[in-house]
Every structure is written in structure tokens, then in C-alpha cells.
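Participant: Show me the folded form of this:
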Amino acid sequence: MITLGKICLEYNKLPGQSAGNFGFSASATADTKNTYNSYTKLSSISEHVSKHKSYLTDTEFGYFLTGLIEGDGLFGKKQLYIIFVENDVALAYYIKKRIGYGNVYKIKNKKAVRYICKNAKGLSYILSLINGKFVSRLKYEQLLKHNYDVDFNYTILPPLNCLSLDNHWLAGFTQADGCFHISVIKSKTHNTGFSVRLEFSLKQNDVVPLKLIYDTVKMGNLSQDNTGIWCYKSTGFKTAQVLINYFDTYKVFAGKYVNYLKFRKVYIMITIGKHLEVKGITKIKSIATKGSSETSTQEVNL
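Facilitator: Numbering: from 1, shown residues only. Just a heads-up that it's a prediction; the model follows:
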């Protein structure tokens with residue numbers, strides 16, 4: 001297992017913007033090669049995936065919730081909103097049950113739902129879970145702007161400016177903004193006629209969490225599109241190895257978990273060279289497109 005420590009960020013050390021249409025910035029040039037000749041150097045992993053823990057402690061849940069809020073949450077005046085894609089509706093109800101307050105609503109004309117908590121006791125409990133766990137200033141400043149420190153008689157701790165892969169924060173952040181994707185692309189340089197990529201990406205208005213992830217993993221690319229949205233993306237097998245070491249311990253949930261299991265299954269095939277065989281390519285295409293039928297041996301619930 002690869003163990004990664006804690007990375008801290010100084011706010012004045014941010015990469016430059018990329019101009020024009022969306023493209024990966026030359027300022028982030030870490031290794032992203034999908035090296036087919038070195039797949040034998042990848043760590044093998046078990047086909048078995050441990051089940052989700054039946055219960056997260058308040059500390060564990062607090063880090064997950066903090067990442068989730070920093071990804072798709074918003075603090076208003078005495079209210080918290082968190083957006084979930086439709087496939088993750090079970091997670092929205094789990095959050096509601098765990099907090100003990102709030103409601104889940106379908107967002108009109110969107111394949112998404114919104115968890116809203118306006119209850120003072122619920123918001124106080126949420127503050128106790130997330131306080132001191134933010135990695136960037138955005139949500140911290142929302143709390144101060146709306147006087148949560150005064151209204152709840154609570155000292156709001158400043159952001160860490162640090163990212164650790166020894167807690168559930170990245171799982172929560174990935175649940176909100178992350179994507180596990182398997183790409184099978186036509187290629188003239190491979191005997192099968194296809195190249196396989198394991199893509200992991202995160203998109204955010206706030207560059208700080210993405211910069212911390214980039215600095216921690218030390219692989220991938222960080223860029224900004226012409227609308228101002230930042231993107232961290234990696235297609236390398238070595239990055240997939242690091243991510244699997246993390247997400248096997250700190251799990252995502254619901255629809256995101258299904259996608260992770262497919263991503264993981266293809267990684268296992270790559271470690272034994274199946275991506276270089278015609279039959280392997282056919283199987284990988286099936287995993288990428290057919291969904292849960294290819295992951296039926298794994299635990300996929302909360």
C-alpha cells in the first residue's frame with residue numbers, strides 16, 4: 001500500500017490560467033503517461049472489496065461530510081444546502097437520517113436532489129462535525145458571512161490549507177464532484193486497435209482543494225477552462241493505483257460506488273495485461289457500458 005502524508009498549500013502558489021478553450025495546462029506537467037509497457041510494475045490488488053463499515057464515527061463522518069459540503073454544499077443564512085445527483089438519492093436520505101434533521105427535495109427539471117437543513121439543532125450538530133476540517137476558505141467564509149459564530153455561539157476554526165489521505169475528506173469531496181471513468185479509445189499504435197484509460201477527474205470553482213489533490217498525488221493535470229471552472233484530471237494507471245489504495249479504505253457511496261467498482265475491476269485486468277488482448281478489450285468495454293451486472297459480486301449499498 002502506498003502511504004501519502006499531508007500536503008499544505010500556500011495560497012499565493014497557484015498555477016496560471018490556461019487560455020482559450022478547455023485544455024490541460026502546461027503549468028502542471030507531472031507524469032500522466034498511460035504506460036502500457038510498465039503495467040507489470042503496478043501493484044496487484046485483491047478482487048475482494050471489503051464491505052462498507054456499518055457505522056462511521058462522528059470524526060469519520062465529519063470528514064466525509066466536510067468534503068461533501070466543500071464539493072457541492074452551500075451555507076446560507078441559518079441553512080445548509082447539499083446537492084446530490086439522482087443516483088445518489090439514497091445517500092441524501094442517509095445524511096438526513098444521520099443528522100436527524102432536514103429534508104430532501106427533487107430539483108425540478110434536473111436529475112438531482114437537494115438536502116436542506118434549516119433546523120438550529122441540526123445545524124449546530126453539523127458545525128460540531130465539520131468544524132476545523134475544511135481544507136480551503138470558501139465554506140469557512142460563508143459561515144462567517146452569515147454569522148454562524150454569533151448565532152450558534154461557536155468558534156469557527158480556520159481552514160487547514162492541508163489535505164490528508166488518512167481520513168474520509170477526499171471520499172466526500174469525490175462523492176460530490178468526482179468522476180471515475182473508463183475510456184476505450186481507438187489507437188493505431190496498439191495491436192488490439194484500442195487504448196484503455198482509467199480517468200479520474202474533479203471539477204470545482206475553488207482551485208485550492210484541486211491544487212492540494214494535485215500536490216498530494218503528484219500525477220495528473222490541473223487546468224482552468226474559459227468559464228473559470230478548474231479541473232483536476234489523471235488518466236494514468238499509477239494514479240489509479242494510488243486512488244484504489246485510498247478508496248478501498250475510505251469509500252464513496254451509492255451510484256458513485258458502482259462506478260468505482262468498475263474502475264477497480266478494470267485496473268485488476270490491466271495489472272495482468274488483459275488490456276493488451278482483444279478479449280480483454282471486449283470485456284473492458286462490457287464493464288464500462290453494462291453497469292452493475294459486472295459488479296454484482298460486490299457490496300453496493302450504504
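
Participant: Give me the buried positions along stretch 164-182.
Facilitator: Across stretch 164-182, burial judged by 16 or more other CB atoms under 10 Å covers 164-165, 167-178, 180, 182. (C-beta placed from N, C-alpha, C; glycine too.)

Participant: Out of those residues, name the ones that lie in helices.
Facilitator: Under the assignment DSSP state H, the buried residues of stretch 164-182 contribute 169-177 to helices.

Participant: Between these, which sits nearest Thr235?
Facilitator: Nearest to Thr235 among these is Thr174, at 16.3 Å by CB to CB.

Participant: can I assume that closest one is in contact with Lys251?
Facilitator: No - in this structure Thr174 lies outside contact range of Lys251 using CB atoms under 8 Å: 10.1 Å.

Participant: Surely Ile82 is in a strand?
Facilitator: Yes - assessed with DSSP: H, G, I helix; E, B strand; the rest coil, Ile82 lies in a strand.

Participant: Distance of it relative to Thr192?
Facilitator: Between Ile82 and Thr192 the distance is 42 Å, computed by CB to CB, to the nearest Å.

Participant: hmm, who's touching the helix or strand in which Tyr105 is found?
Facilitator: Per DSSP states H and E, Tyr105 falls inside strand 103-106. With CB atoms under 8 Å, 6 or more residues apart in numbering as the test, strand 103-106 has contacts from 89, 92-93, 96, 113-116.

Participant: switch the cut-off to 7 Å
Facilitator: 92-93, 96, 113-116 (CB atoms under 7 Å, 6 or more residues apart in numbering).

Participant: Can you say which of these are buried?
Facilitator: 92-93, 96, 113-116.

Participant: Which ones among those residues map onto helices?
Facilitator: Members of the buried ones among the contacts of strand 103-106 lying in helices (criterion: DSSP H): 92-93, 96.

Participant: as a whole number, average confidence for stretch 146-159?
Facilitator: If you average the pLDDT over stretch 146-159, you get 96.

Participant: which residues are contacting it?
Facilitator: Residues outside stretch 146-159 that contact it (CB under 7 Å, 6+ apart) are 75-78, 123-124, 127, 131-132, 134-137, 140, 143-144.

Participant: Nothing else from me, thank you.
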